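Peer 1: Only the shape, not the letters, is given here:
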């Protein structure tokens, strides 16, 4: 879930049997959930982020295997579009936005829960350019702490 403009969005997930491509938004002013356009791919354990005017669904699993695909939602057009895929398939990933980039991390440091050894940075540019950059870290860093 995430907040985008004045709505909260629930993206993908699982209904107990199948992975979902369903997306719903919650309007707190009206106390109501509304279904919006579905993603083209079913996603469980998907990373979600807002960058500029788009909501991004990153990776996840289709119930069979991890995904490297990324979709961008345009709320004005109520439409999803494929954008450049990540170089690595991953699910249950952490994502964060910082300085006009989406950062995606995966666990990788032995013995350190929540730590990452690789991060991918996404910066949207022209369609001919693959905007996902991989950076190996010399030290483990924690993306999120409770």
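Peer 2: Happy to help now that I have it. Note that the structure is a prediction, hence the values are computed from the model and not measured.
Peer 1: hey, where'd the strands end up in this protein?
Peer 2: Counting by DSSP state E, one finds strands in the chain at the ranges 2-4, 7-11, 23-27, 32-36, 47-51, 54-58, 70-74, 79-83, 94-98, 101-107, 115-122, 132-142.
Peer 1: Would you list the phi and psi of the residue lying farthest from the centre of the chain?
Peer 2: For the chain, the largest distance from the centre (CA atoms, centre = their mean) belongs to residue 30, which lies 26.7 Å off. Backbone torsions for residue 30, taken as degrees, to the nearest 10, come to phi -110, psi 0.
Peer 1: State the distance from the nearest residue to residue 76 once chain neighbours are set aside to residue 122.
Peer 2: Among residues not flanking residue 76 along the chain, residue 53 sits closest, at 7.7 Å (CB to CB, 6 or more residues apart in numbering). (C-beta placed from N, C-alpha, C; glycine too.) Here residue 53 is placed at a distance of 15 Å from residue 122 (CB to CB, to the nearest Å).
Peer 1: And for residue 23?
Peer 2: Using CB to CB, one obtains 20 Å as the distance from residue 23 to residue 122.
Peer 1: what residue ranges in this structure score low on pLDDT?
Peer 2: Counting by pLDDT under 70, the chain has low-confidence residues at 106-120, 124-146.
Peer 1: circling back: could the strands of the chain be laid out in CSV, adding distance to residue 17 and mean neighbour count?
Peer 2: Converted to CSV, those look like this (distance: least, CB to CB, whole Å; neighbours: other CB atoms under 10 Å):
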stretch, distance to residue 17, mean neighbour count
strand 2-4, 25, 14
strand 7-11, 17, 19
strand 23-27, 18, 18
strand 32-36, 19, 12
strand 47-51, 22, 19
strand 54-58, 21, 23
strand 70-74, 23, 20
strand 79-83, 23, 15
strand 94-98, 26, 15
strand 101-107, 27, 21
strand 115-122, 31, 19
strand 132-142, 32, 12
